[in-house]
Structure formats: structure tokens, C-alpha cells
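Asker: predicted model and sequence follow; I will ask about them next.
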Amino acid sequence: MDTPLPRRPRRPRTTAAGRPLALVTGASSGIGWAIACEAARDGYDLIVTARRGDRLADLAQIIATQTSAQVTILPEDLSDRAGPERLWAEIERRKLVINVLVNNAGLGIGAPFVETESQRLRDLLEINVAAPLALMRLALPGMLARRRGRIANVASMAAFQPIPLMAAYAASKAFLLSLSEAVGEEVHDTGVTITAICPGTTRTTFFAAAGYRKPEDFTDTAVAMSPEDVAAIAWAGTMAGAPLVVPGRANRAIATLGRLLPRRTLARAAMRVMSERH
């Protein structure tokens, strides 16, 4: 299990064309918001995208008061199959060059699979699977041609095991982890790296948005991390080119067990835990 680097002193970064540029999806709250702030403090200009343009404007204003980063706001709905292509077309129209891509946008569903609306499942697949897949495919050719670039895919601890009552979400994150590891090996030694970020429980609105009646059952625990701490570890690991970053010692231990124990054992254990909290 890769151990992410500690937070390091900030220093200005420049490229031949000026300041480097990071694209962060799902930047309107939570981990995405915090990663955008990390990137800005690290000398990066930003493109931020999410459905809520007003929240992106709030983020841009906060970053402007704390750093010299330039923030470009491009609202987009990544649950729309054409969303990633529209976003990338606008980036190319503005002649912007992406040095770092952070695929953070995600949708959670906390409900029995059979009780989940089909449209909700389709939205999850578009946001959690199709959008990062498309954006990786759009970003990689330019990065490989320049022989430099970083891609970070925010997966989840859920990627390491099947999770009943959150089945589609866990499966989507397993896809993202596998994709990151495989394509990362394809581009090994090219100057481009792909990092899978697998946070555990984080104190954000994720569980409330996923439909849990008592989200505090997840977030008010000793192992829950702040989005700022997760983002600092995630950004440092991405900049170091680590293939896998699991923030938090307890989470790293659990992830290791998730790759050693029988899948049926993991599924049954997860069912007991999720049934108590559903």
C-alpha cells in the first residue's frame, strides 16, 4: 500500500507557458473544493467544474483572497453523456492546456439495489464511470505528447470490496481504481502518472446526499477525516506520481485486508454494518 507524502512547503511553479493549470471536477464542495484550494496554494491556476455555478463562484472568490491563482469557472453537468466532451471543447476553444486532471465528481446511492430508480443508477454510471473515463481519454494524448502530466481519480475505500446497500457506488469505484492502475501501467515512464485516490469516511455532505437518514452515523466517528486533510494527502501523492493513495493509517489497514480476505466474507461483514446504519 502506497504511503502518501506529508504536506510540504509551498513554492511557485511555472512552465514555459506560465503557471500550470489543474482541472478539478466536482469542485463545488467537499474533497473537490479542498483539492482546488490545495492546487491553488501550490502555484496552480484552476479550471473548476460542477453543476452549481454559484458555489464555484464562491470557491473562486475564496481562492482569490488567499492566493494569486486564476480560476476559470466552467459549470457542467457530468450526468449528461455529452458533458465531458462539451467541457473539453470549451477548454480547447480557450486554448487552455491541462497539466493536472482531478476526476473528483461523484454520486453516491445508499439504498437497496432493487429499490433504486433506474435513472438514478444511470446518473451514477455517467458521473462515476463514464465522465472520468472520457476526460482521461481526452486529456492523455496532449499529456503524452508533452511528456508531462498528472491525472488523479478520486475513487473510494469502497473500491476494495463489495458493499451491499451501496452496491452500484462501490462497483463504480472499483472500476475507477482498476482503470487507474491499468492505464497507469500503460503510461509508465512517459512522464505522465495516474493516481487513484481512495478516501475513507470523510466529513462532507456525501452521506446526506446519498440518502442516509442519519449521515452522522458515518461522519461522527473517530476514523472520519476532514476534506482538507484528505485533499492535502491526495494532492501530495498525485504530485509525487504515486499510483495509489489511501489517506489515513486506519484506512490503509482496512484496504489491505480488503485485498486479502475472501470476497464473500467482506460482503457479509459490509451487509451487517450497512444494515445497522441504513
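Answerer: Noted; the coordinates are in hand.
Asker: for M166, what are its contacts?
Answerer: 108-110, 158, 210, 274 (CB atoms under 8 Å, 6 or more residues apart in numbering). To be clear about C-beta, it is placed using only N, CA and C from the backbone, and glycine gets the same treatment.
Asker: do I254 as well
Answerer: Contacts of I254 (CB under 8 Å, 6+ apart): 157, 160, 200.
Asker: switch to 7 Å and redo it
Answerer: M157 (CB atoms under 7 Å, 6 or more residues apart in numbering).
Asker: could you do V230 as well?
Answerer: Going by CB under 7 Å, 6+ apart, V230 touches 31, 34, 199, 202, 247.
Asker: where does it sit: helix, strand or coil?
Answerer: helix (DSSP: H, G, I helix; E, B strand; the rest coil).
Asker: any idea how far it lies from R264?
Answerer: To R264, V230 is 30 Å away according to CB to CB, to the nearest Å.
Asker: now render the contacts of V230 as CSV, adding pLDDT, neighbour count and distance to A270.
Answerer: Below are the contacts of V230 laid out as CSV (pLDDT from 0 to 100; neighbours: other CB atoms under 10 Å; distance: CB to CB, whole Å):
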residue, pLDDT, neighbour count, distance to A270
I31, 97, 27, 22
A34, 98, 24, 27
P199, 96, 26, 17
T202, 91, 24, 18
P247, 95, 23, 20
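Asker: so of those, which ones are in helices?
Answerer: Of the contacts of V230, the ones assigned to helices by DSSP state H are 31, 34.
Asker: quote the end-to-end distance of stretch 71-79.
Answerer: End-to-end span of stretch 71-79 (CA to CA, to the nearest Å): 23 Å.
Asker: if you could redo that for stretch 106-116, that was the one I meant.
Answerer: OK, stretch 106-116 end separation, CA to CA: 17 Å.
Asker: do the same with stretch 71-90
Answerer: 15 Å.
Asker: now swap in stretch 177-194 and tell me
Answerer: Terminal-residue distance, stretch 177-194 (CA to CA): 10 Å.
Asker: what about the contacts of M166, which are in helices?
Answerer: Those of the contacts of M166 lying in helices (DSSP H): M274.
Asker: gap between the helix-or-strand element of the chain with minimal mean pLDDT and the chain center?
Answerer: None of the helices or strands of the chain scores lower by mean pLDDT, DSSP states H and E than helix 216-219, at a mean of 69. Here the centre of helix 216-219 is set off from its chain's centre by 20 Å, with CA atoms, centre = their mean, to the nearest Å.
Asker: all strands of the stretch 101-250 of the chain, in order?
Answerer: 149-154, 192-197, 244-245 (DSSP state E, counting those that start in this stretch).
Asker: can you name the residues in contact with the first one?
Answerer: Here strand 149-154 makes contact (CB under 7 Å, 6+ apart) with 31, 99-104, 106, 132, 136, 139, 143, 176, 180, 192-197, 234, 238-239.
Asker: got the CA coordinates for stretch 226-239 in PDB?
Answerer: Extracted C-alpha coordinates of stretch 226-239, given in PDB (Å, rounded to 0.1, in the frame of the first residue of the first chain):
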ATOM      1  CA  SER A 226     -11.700  16.300   7.200                       C
ATOM      2  CA  PRO A 227     -11.800  17.000   3.500                       C
ATOM      3  CA  GLU A 228      -8.900  19.400   4.000                       C
ATOM      4  CA  ASP A 229      -6.700  16.600   5.400                       C
ATOM      5  CA  VAL A 230      -7.800  14.200   2.600                       C
ATOM      6  CA  ALA A 231      -7.100  16.800   0.000                       C
ATOM      7  CA  ALA A 232      -3.600  17.600   1.300                       C
ATOM      8  CA  ILE A 233      -2.600  13.900   1.300                       C
ATOM      9  CA  ALA A 234      -4.200  13.300  -2.100                       C
ATOM     10  CA  TRP A 235      -2.600  16.300  -3.800                       C
ATOM     11  CA  ALA A 236       0.900  15.400  -2.400                       C
ATOM     12  CA  GLY A 237       0.600  11.900  -3.600                       C
ATOM     13  CA  THR A 238      -0.600  13.000  -7.000                       C
ATOM     14  CA  MET A 239       2.300  15.400  -7.400                       C
END
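Asker: in TSV: the contacts of M166, plus neighbour count and pLDDT.
Answerer: Below are those laid out as TSV (neighbours: other CB atoms under 10 Å; pLDDT from 0 to 100):
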residue	neighbour count	pLDDT
G108	23	94
I109	23	93
G110	22	90
A158	23	93
A210	17	74
M274	17	76
